[in-house]
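**Q** no sequence for this one, just the structure:
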């Protein structure tokens, strides 16, 4: 029996990979204020996932297609002047969720799989899930590293980036689709609902500790992996749903960070006066 | 000729925001766009960058269509449009001005780092290079954005309300850089609703409000009659020959 044959070992591998992936994209989500979009995305992939399992195709494919429709729809809506993107996103969120619930209601005997889709089932991930997560981690890390300049410029100053010849709209779509791909990838681990917690909470916590993008990114990845492992451990010890305990661990990290980060930062600046002053 | 607009209408999605623009700008000149809020000042600046539609007339930048001359233009956006929470340092913002020169994918060279330091030095912020952009004062942020445009070494510099919410120290720093630029042959186009400032800094003033009302030297354009027609009856002549506007 190899190491990979143990469900808990596979869960540990998946949680490390999914945590790193969520932390990595989470920084972009938080810095670009896309948390609400990510929330809508997790809900809107839900009908795609349900429809895919109903017609018997890969749930990844269903989620990717549904999420891509939402990502492109939000990108198109937010480009229209005067259009309230938040309102549109909110409508997409509830409509997607309702569509998923409606699709489920047409089928009897689906309820057990439904809860797995909503809160994930980390202990049943198979080798294929782990490989897909690993491949996505490599792809997203490479994309963010190679495209750091256009993504940062377009995010910080869209007007200036456009004036510098950058296709800002196209880069926004690239980022939204990357977020979407990450959401769909980590759904088997933490579920559609809790994926957003693993993406947003560690990055939001990391941001409280630093103002530098590389440091924030490293911290967000560490926090997300720690949330995954901590949540998995709590789930193993107390026999609670892993997806829920992972999301709660991530939330706890954010709460602790918001209590400690500011006092710690002011202590650091007090002990290290800036040159040229005083 | 840096700029030549002849009976030009510009706007978005086929709807004109600004009509009847007739102006020209030579190297080393400073042109101020004056007019009330919503007059179309930002739209005209975006038209020079090729980011709005030219609906009628001609618009030439360096003798070509605006979009094809973008590489020779530097742009300083309004500070208020930028997210102060975004995690970038002053030096990283200035480096953005070099991206097009470096190439979006190639690593930063020593010459680029030197250009960033020099640009920050010119606006008097060399000591703040490592500070987060959002932690600087409004005036300092405006100077960082000016440094970013300088790092790109433009032949035409476009500034959208560069003195909005800027303290006296920053305003003086910006004005002295702008004077250096025109002396070295750079053309400037800046929008402002501060008419006294327009009179002081500009060689030419273009008075707009939905359409162009006047274009020429400040003394000819910023008169009570012209201002009254552009602003709609809220200009008063003072005894010393100056004109003030009373906001409705």
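**A** Noted; the coordinates are in hand. Bear in mind the structure is a predicted one, so any value in this text is a computation, not a measurement.

**Q** please tell me how far residue B:129 sits from chain A.
**A** Shown here: residue B:129 relative to chain A, a distance of 12 Å by C-beta to the nearest C-beta, to the nearest Å. Every C-beta, even on glycine, is put in place using the N, C-alpha and C of the backbone.

**Q** I meant to write residue B:47 there.
**A** Taking C-beta to the nearest C-beta, one finds residue B:47 at 12 Å from chain A.

**Q** these two touch, right, that residue and residue B:69?
**A** No: counting by C-beta atoms under 8 Å, residue B:47 stays clear of residue B:69, with 12.0 Å between them.

**Q** chain center to the lengthiest helix in chain B, what's the gap?
**A** As assigned by DSSP state H, the longest helix anywhere in chain B is helix B:168-183. Distance of helix B:168-183 from the chain centroid (C-alpha atoms, centre = their mean, to the nearest Å) equals 13 Å.

**Q** which ones are touching residue A:46?
**A** Residues in contact with residue A:46 (C-beta atoms under 8 Å, 6 or more residues apart in numbering or on different chains) are A:66, A:96, A:97, A:99, A:100, A:117, A:118, A:192.

**Q** wait, a helix at it?
**A** Yes: membership of residue A:46 in a helix is supported by DSSP: H, G, I helix; E, B strand; the rest coil.

**Q** look up how far chain B lies from it.
**A** Distance of residue A:46 to chain B, computed by C-beta to the nearest C-beta: 31 Å.

**Q** equivalent analysis for residue A:202, please.
**A** According to C-beta to the nearest C-beta, residue A:202 and chain B sit 15 Å apart.

**Q** how many residues are close by that residue?
**A** 33 (other C-beta atoms under 10 Å in any protein chain shown).

**Q** tell me the predicted confidence for it.
**A** Looking at residue A:202, its pLDDT stands at 95.

**Q** ok, and it, which helix or strand is that part of?
**A** Assigning secondary structure by DSSP states H and E places residue A:202 in helix A:168-209.

**Q** next secondary structure after that helix?
**A** helix A:213-238.

**Q** who are the packing partners of that following helix?
**A** Judged by 3 or more C-beta pairs under 8 Å, 6 or more residues apart in numbering or on different chains; DSSP states H and E, the packing partners of helix A:213-238 are helix A:7-31, helix A:168-209, helix A:242-271.

**Q** residue closest to the middle of the chain?
**A** Going with chain A. By C-alpha atoms, centre = their mean, chain A has its centre lying nearest to residue A:199, at 3.2 Å.

**Q** I was after chain B.
**A** Taking C-alpha atoms, centre = their mean, the centroid of chain B lies closest to residue B:159, which sits 1.6 Å from it.

**Q** what sits against residue 188?
**A** You didn't say which chain, so I picked chain A. Going by C-beta under 8 Å, 6+ apart, residue A:188 touches A:14, A:59, A:120, A:121, A:122, A:125, A:129.

**Q** other chain: chain B
**A** Residues in contact with residue B:188, defined by C-beta under 8 Å, 6+ apart, are B:29, B:30, B:31, B:156, B:157, B:159, B:178, B:181, B:182.

**Q** cool, and residue A:44?
**A** A:66, A:67, A:69, A:70, A:92, A:93, A:95, A:96, A:97.

**Q** if you set the cut-off to 6 Å instead, what comes out?
**A** A:66, A:70, A:92, A:96 (C-beta atoms under 6 Å, 6 or more residues apart in numbering or on different chains).

**Q** quick one: the closest residue to residue B:28 other than its chain neighbours from residue B:147, how far?
**A** Once flanking residues are discounted, residue B:28 sits nearest to residue B:185: 4.8 Å by C-beta to C-beta, 6 or more residues apart in numbering or on different chains. Going from residue B:185 to residue B:147 by C-beta to C-beta, to the nearest Å gives 19 Å.

**Q** the more surrounded of the two?
**A** Shown here are residue B:185 and residue B:147; by other C-beta under 10 Å, residue B:147 has more neighbours (29 against 11).

**Q** kindly confirm my reading that that one is in a strand.
**A** No: counting by three-state DSSP, residue B:147 is located in no strand; its state is helix.

**Q** burial check on the nearest residue to it once chain neighbours are set aside, number of neighbours?
**A** In space, and not counting its chain neighbours, residue B:147 is closest to residue B:119: 4.0 Å by C-beta to C-beta, 6+ apart. Close neighbours of residue B:119, defined as other C-beta under 10 Å, add up to 27.

**Q** before we move on, what about residue A:6?
**A** Using other C-beta under 10 Å, residue A:6 has 11 neighbouring residues.

**Q** ditto for residue B:29
**A** By other C-beta under 10 Å, neighbour count at residue B:29 equals 18.

**Q** can you check the one 4 residues further on too?
**A** For residue B:33, the count of nearby residues is 30 (other C-beta under 10 Å).

**Q** spatially nearest residue to the residue in chain B that chain A sits nearest to, not counting backbone neighbours?
**A** In chain B, the residue that lies nearest chain A is residue B:75 (3.8 Å; C-beta to the nearest C-beta). Excluding the flanking residues, the one nearest residue B:75 by C-beta to C-beta, 6+ apart is residue A:163, at 3.8 Å.

**Q** quick check, pLDDT for the closest residue to residue B:169 other than its chain neighbours.
**A** Nearest residue to residue B:169 in three dimensions, chain neighbours excluded: residue B:139, at 6.7 Å (C-beta to C-beta, 6+ apart). Residue B:139 carries a pLDDT value of 93.

**Q** check contacts around residue B:139.
**A** B:166, B:167, B:170.

**Q** what comes into contact with the host helix or strand of residue A:133?
**A** Under the criterion of DSSP H and E, residue A:133 resides in helix A:127-146. Outside helix A:127-146, the residues that touch it by C-beta under 6 Å, 6+ apart are A:13, A:14, A:17, A:18, A:20, A:21, A:24, A:185, A:188.

**Q** most neighbours, which of those?
**A** Of all the contacts of helix A:127-146, the most densely surrounded is residue A:18 (32 neighbours; neighbours counted as other C-beta under 10 Å).

**Q** isn't that one up against residue A:189?
**A** Yes: Residue A:18 is within contact range of residue A:189, at 4.5 Å (criterion: C-beta atoms under 6 Å).

**Q** spell out which parts of chain A neighbour chain B.
**A** Taking C-beta under 6 Å from any C-beta of the partner chain as the contact definition, chain A meets chain B at A:149-150, A:153, A:156-157, A:159-160, A:162-165, A:211, A:213, A:276.

**Q** just give me the neighbour total for residue A:222.
**A** Residue A:222 has 16 nearby residues by other C-beta under 10 Å.

**Q** give me the nearest residue to it, chain neighbours excluded.
**A** residue A:23 (7.3 Å).

**Q** list the residues that contact that neighbour.
**A** The contact partners of residue A:23, taken as C-beta under 6 Å, 6+ apart, are A:202, A:220, A:221, A:224.
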